[in-house]
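Undergrad: 3D, please:
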Amino acid sequence: MNLIHLLYSNYFISLILQGFCVFHCMRKGHSNQWLWLIIFLPFIGSLIYLFTIVLTRDKLNSVTSNVNTVVRPHGNLKQLERNLKFSDTFQNRMSLANYYQALGRDEEALALYEQNRHGLFANEPELITAMMRSNYAVNEYEKVNDLAKLVNKHPNFIRSQAHLSYARSLEKLGKYKEAETEYEQFNTRYADFEGKYTYACFLENQQRFMEATQLLDSAIDESRNMGYRGKRNHIFWIRQSIAKRKELEKGKHTK
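TA: Numbering: from 1, shown residues only. Predicted coordinates for the structure are as follows:
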């Protein structure tokens, strides 16, 4: 309460807080609804954004991105379920849904994501991209394509998991030319190795074995020039690329 009183009573601190929240919101590409909230309710809106997005969501993203390395994830899951039961809010639904998604429980995640499509933050990029990933996981490819229209201009979309789900969905639907256009955006130096590997698999499925081999060779060569930390972050897909390259060589597809 002392912090809130201090901020409320000090115009300049409140102004700085508002400026920080506006900058953070624009830099992270969050929906315009957050900007409106911060601008039209400078003090209260900034506090809501600070505690909902900056402090809570960033911490949650760090946890969920590493959930597969957690020894006992269900302890945290129980807490998230209790939080939602106690307070049924947008952020608590997102937190639990993201955790369900990380555990592979995509149908349960989607049920919560769908609840968040009703309200002020219905088109929040984080929500839309999360729904794209889970819809792909449950084979709802048309839904992935429909959702992509809402975020395909977002600066963080181009090499995201949601973008990869979009490219894969197009391929599953037999829209090969459109799929290749999306896959090609992963074919840049030191980009997402999973994207390059998936693109190579697409080329293999199209009987374009030489192109697939060249793409894998490029990815493998890049990995050899990476530092230890960078290589460690991508080690799974680097190994998958090496294995796929050997598979193509064994099948003599490169001739």
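
Undergrad: In what element of secondary structure is Asn135 found?
TA: Following DSSP states H and E, one finds Asn135 within helix 125-137.

Undergrad: contact partners of that helix?
TA: Residues outside helix 125-137 that contact it (Cβ atoms under 8 Å, 6 or more residues apart in numbering) are 29-31, 57, 94, 97-98, 101, 104, 106-107, 109-110, 113-114, 116-117, 121, 141, 143-144, 147-148, 150-151, 154, 156-157, 160-162, 165-166, 168-169. Backbone N, C-alpha and C define where each C-beta goes, glycine included.

Undergrad: How about stretch 154-166?
TA: 28-29, 125, 128-130, 132-133, 135-136, 144-145, 148, 151-152, 182, 185-186, 191-192, 194-195, 198.

Undergrad: Stretch 221-240 too?
TA: 189-190, 193-194, 196-197, 219-220, 241.

Undergrad: Now, those residues that are in helices?
TA: Among the contacts of stretch 221-240, the members falling in helices (DSSP state H) are 193-194, 196-197, 219-220, 241.

Undergrad: Among those, which one sits closest to Glu204?
TA: Checking the ones in helices among the contacts of stretch 221-240 against Glu204 by Cβ to Cβ gives Tyr197 as the nearest, at 10.6 Å.

Undergrad: tally of neighbours for the closest one?
TA: As a burial measure, Tyr197 scores 24 neighbours (other Cβ atoms under 10 Å).

Undergrad: pLDDT value on it, please?
TA: As predicted, Tyr197 sits at a pLDDT of 92.

Undergrad: just checking, it touches Ala243?
TA: No: contact criterion Cβ atoms under 8 Å: Tyr197 and Ala243 do not qualify, at 9.7 Å.

Undergrad: what's the domain layout of this protein?
TA: What automatic domain parsing lists as the domains of the chain is 1-65, 88-178, 186-255.

Undergrad: Redo those as CSV? Include distance to Arg82.
TA: Listed next are the domains of the chain as CSV, based on distance: least, Cβ to Cβ, whole Å:
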stretch, distance to Arg82
domain 1-65, 15
domain 88-178, 10
domain 186-255, 33
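
Undergrad: Which of those domains has the highest mean neighbour count?
TA: domain 88-178 (a mean of 18; mean count of other Cβ atoms under 10 Å).

Undergrad: Centre of the chain to the helix or strand harbouring Leu110, how far?
TA: Leu110 belongs to helix 106-115 when assigned by DSSP H and E. Distance, stretch centre to chain centre, for helix 106-115: 16 Å (Cα atoms, centre = their mean, to the nearest Å).

Undergrad: Likewise for stretch 181-189?
TA: 17 Å.

Undergrad: Show the end-to-end separation of it, please.
TA: By Cα to Cα, to the nearest Å, the extent of stretch 181-189 from end to end equals 17 Å.
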